[in-house]
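Student: sequence first, then the predicted structure:
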There are 2 protein chains.
Amino acid sequence: MACRPPRSNKLYHMEPPQSHCARPGHGLIAGIMDNEREQGSKFLPKFDAAGLLAAIVTDAGDGAVLMLGYMNQSAYDATRATGLVHFYSRSRDRLWQKGESSGNVLRVEDIHIDCDQDALLIIASPAGPTCHTGERSCFYRRVAEDGSLQRI
Amino acid sequence: MACRPPRSNKLYHMEPPQSHCARPGHGLIAGIMDNEREQGSKFLPKFDAAGLLAAIVTDAGDGAVLMLGYMNQSAYDATRATGLVHFYSRSRDRLWQKGESSGNVLRVEDIHIDCDQDALLIIASPAGPTCHTGERSCFYRRVAEDGSLQRI
């Protein structure tokens, strides 16, 4: 998760307040590692159980959120090596370069990482619409209060 | 994943090009469901195997990405019911309201959903710094080409 939950839990109390690093089974070394991840200057990506990091992509032009994908180590390495965003496809179990068939690649301008190093923010220049539907962004619908979706 | 991969695979060929809906085991009903998810006006969230949706939070003021969290159905419902962003904590296995102890809540202004309905974009007004480190955004470091992290 991008940011760990706060220490106390007024609304949904299930356990006594405790620090993230002190939770049962977490241990001293894991605690030191967490601290290094948050405060240090080393890239120590925290891949999930499936070996993935979430990667948000925004448009370098205006900051609009374009899509969310997932990277494994190979996808990250390919992204760095080529300067073009690559993801790991969970449904197809393979590496893919965004835009490899459509030509709508995402050129990397900058990469940020979150506090606990399990999510990336990729700032990119898109060569065309990012979504396979032809929309500029995958987030092209609003969820109304009544649960209906409205095109933006 | 937010956007499914393109149909052909020039760079990393492992299987013949095929449509998403026609992949083995995917089936007609799943294909119809995928189409309804992408083109329809119904909220049909696609929770992952752990029952979660990724939720990107941006600042309604300037669109800056503040954090990434995960919501289960209860967290989504609590977010809608209160107008304040709630998440499901994977490490603590519980619902939590962002800012419940710090007071730095995220007030929901709008919710968007992506093409295949497995990721949300929450546009929110933050009451204070979003990151538990005191930074405005959890994405407060850049990953340099050499793998070092630099504060932004």
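Tutor: Thanks, I have it. Numbers count the residues shown, from 1 in each chain, chains lettered A, B, ... in the order given.

Student: okay, CA-based contacts and neighbour counts for the rest of this
Tutor: Fine.

Student: what's the first helix or strand after the top helix by length along chain A?
Tutor: What stands out as the longest helix in chain A, according to DSSP state H, is helix A:27-39. Remark: after helix A:27-39, the chain's next helix or strand is strand A:53-59, criterion DSSP states H and E.

Student: just the C-alpha atoms of the longest helix of chain A, please, in PDB.
Tutor: The C-alpha trace of helix A:27-39 is given here as PDB (Å, rounded to 0.1, in the frame of the first residue of the first chain):
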ATOM      1  CA  GLY A  27      10.900  -7.700  13.400                       C
ATOM      2  CA  LEU A  28      13.800  -5.400  13.800                       C
ATOM      3  CA  ILE A  29      15.400  -6.000  10.400                       C
ATOM      4  CA  ALA A  30      12.200  -5.400   8.600                       C
ATOM      5  CA  GLY A  31      11.700  -2.200  10.600                       C
ATOM      6  CA  ILE A  32      15.200  -1.000   9.700                       C
ATOM      7  CA  MET A  33      14.400  -1.900   6.000                       C
ATOM      8  CA  ASP A  34      11.100   0.100   6.200                       C
ATOM      9  CA  ASN A  35      12.900   3.100   7.600                       C
ATOM     10  CA  GLU A  36      15.600   2.900   4.900                       C
ATOM     11  CA  ARG A  37      12.800   2.600   2.300                       C
ATOM     12  CA  GLU A  38      11.100   5.800   3.500                       C
ATOM     13  CA  GLN A  39      14.000   8.000   4.500                       C
END
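
Student: could you list the buried residues of it?
Tutor: Within helix A:27-39, the residues that count as buried by 16 or more other CA atoms under 10 Å in any protein chain shown are A:31, A:34, A:37-38.

Student: would JSON lines of these with pLDDT and distance to B:G134 be doable?
Tutor: Shown next, in JSON lines, are the buried residues of helix A:27-39 (pLDDT from 0 to 100; distance: CA to CA, whole Å):
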{"residue": "A:G31", "pLDDT": "78", "distance to B:G134": "19"}
{"residue": "A:D34", "pLDDT": "82", "distance to B:G134": "16"}
{"residue": "A:R37", "pLDDT": "91", "distance to B:G134": "15"}
{"residue": "A:E38", "pLDDT": "91", "distance to B:G134": "12"}
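
Student: let me know the closest of the residues you listed to chain B.
Tutor: Checking those against chain B by CA to the nearest CA gives A:E38 as the nearest, at 8.3 Å.

Student: just give me how far the longest helix of chain A sits from the chain centre.
Tutor: 20 Å (CA atoms, centre = their mean, to the nearest Å).

Student: go on, stretch A:48-68?
Tutor: Relative to its parent chain, stretch A:48-68 has a centroid offset of 5 Å by CA atoms, centre = their mean.

Student: biggest separation within the buried residues of helix A:27-39, which pair?
Tutor: Taking CA to CA as the measure, the buried residues of helix A:27-39 span a maximum distance of 10.7 Å, between A:G31 and A:E38.

Student: quick check: domain ranges of chain A?
Tutor: A:1-42, A:53-142 (automatic domain parsing).

Student: how about A:A75, secondary structure?
Tutor: Three-state call for A:A75 (DSSP: H, G, I helix; E, B strand; the rest coil): helix.

Student: kindly report the same for the one 4 residues further on.
Tutor: Following three-state DSSP, we place A:T79 in the helix state.

Student: mind listing what it touches?
Tutor: Residues near A:T79 by CA atoms under 8 Å, 6 or more residues apart in numbering or on different chains: A:85-86, A:108.
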